[in-house]
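Q: Model the structure of this input:
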Amino acid sequence: MSTGPSRESFSEKAFYLAEFRGRTLAIAGPADELREAAPLAALLTELAANQTRVVLVSTEPGVLKELVRGDPIDAGSARLEGEVWRAFEHGHCVAILSDDSGGFARACREISLRLGLTKLMWIDPDGGVRREDGSRISFVDLEALRSLLRLRADDEKPHRRMLLREVELALAAGVHAINLSSLEGLADELFTYAGSGTLFTREGYVVVRALGLDDYDAAADLIARGVSEGYLVARASEDVERILVHGFGAFVEGSHLAGIGALLEHRSADAAEIASLYTLTRFLAEGIGGHLVRFALERARDRGFGSVFACTLSERVARFFERNGFVAADASELPEEKWKGYDLERRERLLCVRYPLR
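A: Numbering: from 1, shown residues only. Here you go, the predicted model:
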């Protein structure tokens with residue numbers, strides 16, 4: 001099966017590198033977390049080659065000098081903004097030395113706000129926030145963070161609570177995104193959809209819209225992921241193109257493509273089909289699937305269709321549709337053109353659902 005342009009020409013990493021190109025990121029790590037600097041040095045080299053500027057903040061002057069090959073700038077400088085701006089004339093990474101007299105997390109928040117940075121990567125030995133059972137919480141918006149702080153008011157360790165409180169204050173003051181990640185997982189947190197730590201964003205709003213040409217690479221990559229994971233059926237190149245042309249995506253914070261779907265029209269049967277619905281697990285807490293389904297139903301209603309249907313091999317996905325108002329349907333109730341050239345063995349195993357609009 002072909003999925004259009006070579007998958008070698010686009011990947012999760014390429015997607016994020018393109019997003020970061022020309023931007024400035026902050027990476028902060030207390031002295032204890034930077035003693036093994038090799039993973040960070042490799043990441044800084046890659047970001048520099050990508051034309052991404054990095055502000056590196058720590059309390060350890062020796063490591064900062066080693067990583068940027070120059071003297072760090074004092075965080076307390078009255079001319080901090082101008083000094084950082086000038087330093088970028090000589091390289092893509094600038095180091096800022098902070099003391100921890102008032103708390104390192106607070107200092108990093110103040111530096112990010114002074115410089116007007118929108119993304120802060122915090123090197124965290126715990127690798128992000130975890131649930132009581134030890135599983136990682138990969139995505140938290142500001143409202144959810146505040147709830148988390150209230151719920152854990154009594155059992156959170158003081159230093160941990162202070163860090164989360166600084167994250168809250170930074171987001172509320174204007175930093176768009178903060179990532180907590182271990183040093184070893186920093187590249188995965190930056191360059192993969194799943195990440196390795198916890199991503200905090202100021203707003204958790206989801207915008208669903210039709211895919212545009214610039215979204216096709218990312219959407220095609222999600223389709224390929226869904227196929228490899230067994231959630232989506234493998235499609236020929238022209239069928240993938242049809243999905244993209246009729247596709248829509250859910251975007252978190254305006255840029256993170258968190259899920260996709262397509263509405264395929266069967267005019268002769270007065271029905272439309274939701275196809276290739278796939279969401280990233282990182283954003284499950286945002287209810288991405290529900291946002292996508294509601295968008296599809298509204299679009300089908302606006303276009304005058306009498307019903308919308310979907311088919312899946314997954315009982316979990318079928319139950320998801322039923323929670324969103326769909327009812328079980330037999331394959332014989334669906335448009336005949338749906339089954340032209342369709343694999344008969346697969347059809348026998350399908351679970352079909354239908355949503356009447358009239």
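
Q: Give me the contact list for the helix or strand containing residue 15.
A: Taking DSSP states H and E as the definition, residue 15 sits inside helix 12-20. With CB atoms under 8 Å, 6 or more residues apart in numbering as the test, helix 12-20 has contacts from 47, 50, 52, 190, 191, 192, 193, 217, 218, 221, 255. To be clear about C-beta, it is placed using only N, CA and C from the backbone, and glycine gets the same treatment.

Q: what's around the nearest residue to the second one once chain neighbours are set aside, how many residues?
A: Think residue 50. Among residues not flanking residue 50 along the chain, residue 17 sits closest, at 5.0 Å (CB to CB, 6 or more residues apart in numbering). Counted by other CB atoms under 10 Å, the residues lying close to residue 17 total 18.

Q: how near is residue 17 to residue 47?
A: 8 Å (CB to CB, to the nearest Å).

Q: likewise residue 249?
A: Counting by CB to CB, the gap from residue 249 to residue 47 is 26 Å.

Q: thinking again about what came up before, top of the contacts of helix 12-20 by neighbour count?
A: Neighbour-wise, the contacts of helix 12-20 (other CB under 10 Å) top out at residue 190, 25 neighbours.

Q: Give the buried residues for stretch 127-142.
A: For stretch 127-142, burial by neighbour count (16 or more other CB atoms under 10 Å) applies to 127, 128, 129, 136, 137, 138, 139, 140, 141, 142.

Q: From the chain's centroid, how far away is that stretch?
A: 15 Å (CA atoms, centre = their mean, to the nearest Å).

Q: what does that stretch rub up against?
A: For stretch 127-142, contacts defined as CB under 8 Å, 6+ apart pick out 148, 164, 168, 171-172, 180-182, 185, 194-204, 252, 281-283, 285-286.

Q: Check stretch 311-322 too.
A: 230-231, 273, 277, 289, 293, 310, 328, 331, 334, 338, 346, 349-353, 355.

Q: ranges for the strands of the stretch 51-200 of the chain?
A: 53-58, 73-74, 93-97, 119-123, 129-130, 136-137, 139-141, 177-181, 198-201 (DSSP state E, counting those that start in this stretch).

Q: Would you mind giving those as a markdown table with mean pLDDT and distance to residue 32 added?
A: What follows is those, written out as a markdown table (pLDDT from 0 to 100; distance: least, CB to CB, whole Å):
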| stretch | mean pLDDT | distance to residue 32 |
| --- | --- | --- |
| strand 53-58 | 96 | 10 |
| strand 73-74 | 96 | 21 |
| strand 93-97 | 96 | 15 |
| strand 119-123 | 94 | 10 |
| strand 129-130 | 91 | 19 |
| strand 136-137 | 89 | 22 |
| strand 139-141 | 87 | 24 |
| strand 177-181 | 94 | 15 |
| strand 198-201 | 92 | 20 |
